[in-house]
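Q: I need the structure of the sequence given here:
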Amino acid sequence: MFNFSKMVIIALWLLAAANSYAQSNAEQSKCSDGTNINFTNVLPCYRAALATQPLKYSLLRKEKLLQIELRHYQLTSQFWSPGDVVLPAQWQHDVDIFIPEHPISQRALIVVNNGTNYNSESEAPILPTDFNVTTLAAIARTTNTIVISISNIPNQYLVYRDDGKSRKEDDSVAHSWTLFMNKPEKQSLIPLHIPMATSVSQAMTLAQQELKQWNINKFIVSGASKRGWITWLSAIADTRVDAIVPFIIDILGTREAFKHIYQSYGKNWPIAFYPYYQEHVDEKIDTPAFSKLMQIEDPLQYLGTNYESRLAIPKYIVNASGDDYYAPDNARFYYDILPGDKSLRVAPNSDHRGIGNFTEQSLITFINRLQQSIPMPKLNVTLHSQQNSQILTVDFSEKPEKVIRWTATNPISRDFRYACGIRYKALPLDVSEMQQVKIPLNSPVMGWEATYIEATFSDGYVATTRVYITPDGKYPVVAPLSSGPTCQTLPDRGLGAE
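A: Below is the predicted model:
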């Protein structure tokens, strides 16, 4: 009997070892270099490889704020210079951890922050401006949630050896795209969003090591603009991310979104796109190299892959009604097909930078619901024809305290940029006993009209429909009028070819 039991145990051990070995081999095969690269594996594999290396960080100091202990760390997240083409290779960050007096255990918020750490010799580093200390402390206090800010995402300025130029922000991202598209298989790790996303994972590891008292093992990730893009990519690459709040990165379904922007401006580009235009990204949108790049960059490309479940985590997507980069109705390409719990907010009368007026309140209400296991309100939206008009019907899963219809018109162009003087007007709506509103979508005789519905709930949570532009499917044939330095367009050069 003893021998038989022992044999069973040994057999089970061997079976487990064989399975582990097979999984290890599968993982190795998935992540190994080769000519037939599955580019959707590039980011997760790089993060996994980086996680095997010792983490280098140090505690700089502690300070006391109102009801908050603030710890300051310095983190070296990685040495990144694929093909030795980027300097400096060492990525360093300030990591600030805000600990409220009675923090909720297990889950923390990590904010992807900006900043400039490698400035010129005559200039001091620039501190983060996306999320300042006052905002981060307020979020921690109001939600009883530990808040972690990692700055200098990306590290900048970076010097690219191919031309010796120093670059930051979109200039750096766009040039890294060029280097990738020149040699996708040989430079699969060069897109700047890769080290940006993995820096966030390294900050999570730091937090877990330093916050063992609260057993932190899950993270809400948030960031704005390109750091909002990193919010999505961090979720795909790292299973510790269990919710996201991306701000002003209305670019999922990237190729389709780019084409829609291009058509919306009469086959022109908004001036905010200039760093990518300068790198001729616009002329590569329909090329195979761009398709490979999007397998890494576009979160929607991970649907139908091993990482699809990562897109199903709770997400609160916050966009700007008058964004400098994106057409206001870009969400039409991705929102309905995103899996899992989701909620959308379009901030009225805001440009790209103006989203800072909405970040704190949006994060507080989302985090409070998530930490208390209260579902996000759902807006069930239907659109149907009635005689010669379209009727938008919205059913609410919980009764809102206030509902507003926001509408903007442009009699000349399909251009709703705040920088071009477009303003949305508010019209309060009554909610029926069935928690429903109905509105007609007007199609103006001249120009275009943009409309969406905003609902505010008892805890201050705000959810909206996506923006609907009428007439839908009709694009202008000329560029919109220019007015001032930020209300300009860039001329058409074609989109490349497969």
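
Q: helices of this protein, start to end?
A: 2-31, 42-51, 133-143, 169-182, 193-210, 226-237, 254-264, 274-278, 288-297, 359-371 (DSSP state H).

Q: now these in a markdown table, with mean pLDDT?
A: Formatted as a markdown table, the helices of the chain follow (pLDDT from 0 to 100):
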| stretch | mean pLDDT |
| --- | --- |
| helix 2-31 | 46 |
| helix 42-51 | 98 |
| helix 133-143 | 99 |
| helix 169-182 | 98 |
| helix 193-210 | 99 |
| helix 226-237 | 99 |
| helix 254-264 | 98 |
| helix 274-278 | 98 |
| helix 288-297 | 98 |
| helix 359-371 | 99 |
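
Q: return the most buried member of those.
A: helix 226-237 (a mean of 27; mean count of other CB atoms under 10 Å). C-beta coordinates here come from the backbone N, C-alpha and C atoms, glycine included.

Q: quick one: distance of that helix to the chain centre.
A: 5 Å (CA atoms, centre = their mean, to the nearest Å).

Q: packing partners of it?
A: Applying 3 or more CB pairs under 8 Å, 6 or more residues apart in numbering; DSSP states H and E, we find helix 226-237 packed against helix 42-51, strand 107-112, helix 169-182, helix 193-210, strand 218-224, strand 241-247.

Q: okay, these in a markdown table with distance to Lys64 next?
A: Below are those laid out as a markdown table (distance: least, CB to CB, whole Å):
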| stretch | distance to Lys64 |
| --- | --- |
| helix 42-51 | 33 |
| strand 107-112 | 19 |
| helix 169-182 | 34 |
| helix 193-210 | 17 |
| strand 218-224 | 25 |
| strand 241-247 | 28 |
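
Q: between the ones you listed, which gets nearest to Gly356?
A: strand 218-224 (7.6 Å; CB to CB).

Q: nearest to His93, of the helices of the chain?
A: helix 193-210 (6.2 Å).

Q: now the angle from the closest one to strand 241-247?
A: Here helix 193-210 runs at an angle of 130 degrees relative to strand 241-247 (axes from the mean of the first three to the mean of the last three CA atoms, to 10 degrees).

Q: tell me the angle helix 193-210 makes with helix 226-237.
A: Going by the same axes, to 10 degrees, helix 193-210 makes 70 degrees with helix 226-237.

Q: for the helices and strands packed on helix 226-237, which one sits closest to Ala479?
A: helix 169-182 (21.4 Å).

Q: can you list the residues that contact the closest one?
A: With contacts defined as CB atoms under 8 Å, 6 or more residues apart in numbering, helix 169-182 is touched by 85, 154, 156-158, 160, 162, 165, 167, 187-188, 190-193, 226, 275-276, 278-281, 284, 287, 289-290, 292-293.

Q: same thing with stretch 120-137?
A: 65-66, 68, 70, 94, 96, 98, 111, 113-119, 147, 149, 151-152, 157, 223-225, 227, 356, 359-360.

Q: distance to Thr305 added to the helices of the chain, as CSV?
A: Formatted as CSV, the helices of the chain follow (distance: least, CB to CB, whole Å):
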stretch, distance to Thr305
helix 2-31, 11
helix 42-51, 10
helix 133-143, 33
helix 169-182, 19
helix 193-210, 16
helix 226-237, 9
helix 254-264, 16
helix 274-278, 26
helix 288-297, 9
helix 359-371, 26
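
Q: nearest to Gly496, out of these?
A: helix 288-297 (7.2 Å).

Q: counting by contacts, list what the closest one packs against.
A: On a contact count with 3+ CB pairs under 8 Å, 6+ apart, helix 288-297 meets helix 42-51, helix 169-182, helix 193-210, helix 254-264.

Q: so which of these is nearest Pro400?
A: helix 254-264 (29.1 Å).

Q: just checking, what packs against the closest one?
A: Helix 254-264 packs on strand 269-270, helix 288-297, going by 3+ CB pairs under 8 Å, 6+ apart.

Q: and the first one, how far out from the chain's middle?
A: Relative to the mean C-alpha coordinate of its chain, strand 269-270 is positioned 21 Å out (CA atoms, centre = their mean).

Q: so where's this protein uncertain?
A: Within the chain, the ranges that satisfy pLDDT under 70 run 1-30, 32-35, 121-122, 498.

Q: how is it divided into domains?
A: Recorded structural domains for the chain (assignment: the TED database) are 53-377, 380-490.

Q: make CSV from those and add distance to Thr40 to it.
A: CSV is the format used below for the domains of the chain (distance: least, CB to CB, whole Å):
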stretch, distance to Thr40
domain 53-377, 5
domain 380-490, 26
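
Q: which stretch among the ones you listed comes nearest Asn36?
A: Using CB to CB, the nearest of these to Asn36 is domain 53-377, at 8.6 Å.

Q: out of the helices of the chain, which gets nearest to Ser385?
A: Checking the helices of the chain against Ser385 by CB to CB gives helix 254-264 as the closest, at 22.7 Å.

Q: which residues are in contact with that closest one?
A: Contacts of helix 254-264 (CB under 8 Å, 6+ apart): 250-251, 268-270, 273, 282, 285-286, 290-291, 294, 297-298, 300, 325-327, 329-330, 333, 414-415, 475-476, 492, 495.

Q: also stretch 52-61?
A: So stretch 52-61 is contacted by 71-76, 95, 202, 205-206, 209-210 (CB under 8 Å, 6+ apart).

Q: in TSV, list the helices and strands packed on helix 288-297 along with distance to Arg240.
A: Listed next are the helices and strands packed on helix 288-297 as TSV, based on distance: least, CB to CB, whole Å:
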stretch	distance to Arg240
helix 42-51	10
helix 169-182	25
helix 193-210	5
helix 254-264	25
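
Q: which of the domains of the chain is buried the deepest?
A: When the domains of the chain are compared using mean count of other CB under 10 Å, domain 53-377 is most buried, at a mean of 20.

Q: my guess is Pro375 meets Ser397, correct?
A: Yes - in this structure, Pro375 is within contact of Ser397 by CB atoms under 8 Å, at 7.4 Å.

Q: if we can go back for a sec, save the helices and strands packed on helix 254-264 as TSV, and put in distance to Ser350 too.
A: Shown next, in TSV, are those (distance: least, CB to CB, whole Å):
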stretch	distance to Ser350
strand 269-270	15
helix 288-297	25
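
Q: closest to Pro103 out of the ones you listed?
A: Comparing the helices and strands packed on helix 254-264 by CB to CB, helix 288-297 comes nearest, at 34.5 Å.

Q: chain center to the closest one: distance?
A: For helix 288-297, the distance to the chain centre is 17 Å (CA atoms, centre = their mean).

Q: ok, now which ones touch the residue nearest to Thr198 when sequence neighbours are not counted?
A: Among residues not flanking Thr198 along the chain, Arg47 sits closest, at 4.9 Å (CB to CB, 6 or more residues apart in numbering). The contact partners of Arg47, taken as CB under 8 Å, 6+ apart, are 197-198, 201, 237-238.

Q: quick one: contacts for Phe79?
A: 89-91.

Q: so the residue nearest to Tyr73 when sequence neighbours are not counted versus Pro476, what's the distance?
A: In space, and not counting its chain neighbours, Tyr73 is closest to Val95: 4.3 Å by CB to CB, 6+ apart. Counting by CB to CB, to the nearest Å, the separation of Val95 from Pro476 is 46 Å.

Q: before we move on, what about Pro377?
A: Distance from Pro377 to Pro476, by CB to CB: 36 Å.
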